[in-house]
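Asker: one predicted model, sequence on top.
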Amino acid sequence: MNKCRLDRFVSNQTSLSRSEAIKEIKRGKVAVDNKTVKDPSFSIDTDTSFVTLSGEEIKYKKHIYLIMNKPSGVLTATRDKGVKTVIDLVPEKYRRKDLSPAGRLDKDTTGLLILTDDGAFVHNIISPKKMVPKVYEAELIKDINDEDVKAFFDGIVLSDGTTCLSATLKKAGDKKAKVKIYEGKYHQVKRMFAARGNKVLALKRVSIGLLKLPENLMPGDIKEVSFDDLLRKTINYKQK
Ligand code: URA
């Protein structure tokens, strides 16, 4: 038995604010177990009650977990006055009040991004203590060499004097490289290459832990994933 006020349930499980949820309930748009309920304080059981909004079922989920193939030109933020954000790309059915990106990609970086309203998960995945590796594909102004590979392995010292953790650098084609890092400093990959006298022309994140960017997930596309799978492939990927 998991009791919850109807207005809170509707607002937590949809993109509606609490006052918008109350308005919809009072307008008779919400039904519980096939009966219209106009009382916002009506008590439901999140495990068993069948709740609909305008005839559409609201399925109870404590949290939502999404992956996105972030396109270039979109900000990794929840809201911005001028520029489109990753949250603007989320379809209505996945919108939640506290939905936010787990970590940041630059405006011009593309690729794998996790979005969730589970604050504890966000905290864990961005924590350097968890050492979840992230792999990026970089297009560069010039080819990498063996000294670059060694410098990445030894720990690049950025222009502000910060030393990065050991990273793996591999050639991935003509003026292309793959880099695996275990932390997420501001503009980290771009600054690591800059420290080697190189320049990143394009950057794409292709994996986080064992979670890979699905090949069929086009830029701007979003997919819901299960918490168990996400946890197993990211934060817990080293645990047996
Ligand atoms: N490193 C960068 O420089 N930019 C990103 O967006 C991610 C990692």
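Answerer: Yes, it's here.
Asker: quick one, phi/psi of the residue of the chain positioned farthest from its centre?
Answerer: For the chain, the largest distance from the centre (Cα atoms, centre = their mean) belongs to Lys35, which lies 36.9 Å off. Per-residue torsions, Lys35: phi -120, psi 130 (degrees, to the nearest 10).
Asker: distance check, it against Met68.
Answerer: From Lys35 across to Met68, the span is 38 Å (Cβ to Cβ, to the nearest Å). For the C-beta atoms, the positions are set from N, CA and C on the backbone; glycine is no exception.
Asker: swap in Pro91?
Answerer: 11 Å.
Asker: the more surrounded of the two?
Answerer: Met68 (24 against 8; other Cβ atoms under 10 Å).
Asker: what pLDDT is listed against Lys240?
Answerer: Per-residue pLDDT puts Lys240 at 47.
Asker: near the ligand, which residues of the chain?
Answerer: With the criterion set to Cβ under 6 Å from any ligand atom, the chain comes near the ligand through 105-106, 109, 187-190, 203.
Asker: quick one, domains of the chain?
Answerer: 3-58, 65-128+213-233, 133-208 (automatic domain parsing).
Asker: Lys190 touches Val200, doesn't it?
Answerer: Yes: judged on Cβ atoms under 8 Å, Lys190 makes contact with Val200 at a distance of 4.6 Å.
Asker: surely Gly111 touches Pro214?
Answerer: No: using Cβ under 8 Å, Gly111 is not in contact with Pro214; the gap is 11.2 Å.
Asker: which neighbours do Pro91 and Met68 share?
Answerer: Ile222 (Cβ atoms under 8 Å, 6 or more residues apart in numbering).
Asker: coming back round to it: so the residue farthest from the centre of the chain versus Asp229, what's the distance?
Answerer: From Lys35 to Asp229 the distance is 36 Å (Cβ to Cβ).
Asker: ok, Met131 - how many residues close by?
Answerer: 13.
Asker: got the contact list for the closest residue to it other than its chain neighbours?
Answerer: Excluding the flanking residues, the one nearest Met131 by Cβ to Cβ, 6 or more residues apart in numbering is Tyr182, at 4.9 Å. Neighbouring residues of Tyr182 by Cβ under 8 Å, 6+ apart: 128, 131-134, 165-167.
Asker: the chain: helices as residue ranges?
Answerer: Using DSSP state H, the helices assigned to the chain run over residues 6-13, 18-26, 119-126, 146-154, 188-195, 227-233.
Asker: and the last one, how far from the chain's centre?
Answerer: Using Cα atoms, centre = their mean, to the nearest Å, the mean C-alpha position of helix 227-233 is found 13 Å from that of the whole chain.
Asker: list the helices and strands that helix packs on?
Answerer: helix 119-126 (3 or more Cβ pairs under 8 Å, 6 or more residues apart in numbering; DSSP states H and E).
Asker: what comes up buried for the helix it packs on?
Answerer: For helix 119-126, the neighbour count (16 or more other Cβ atoms under 10 Å) marks 121-122, 124-126 as buried.
Asker: counting contacts, what elements does it pack onto?
Answerer: Using 3+ Cβ pairs under 8 Å, 6+ apart: helix 119-126 touches helix 227-233.
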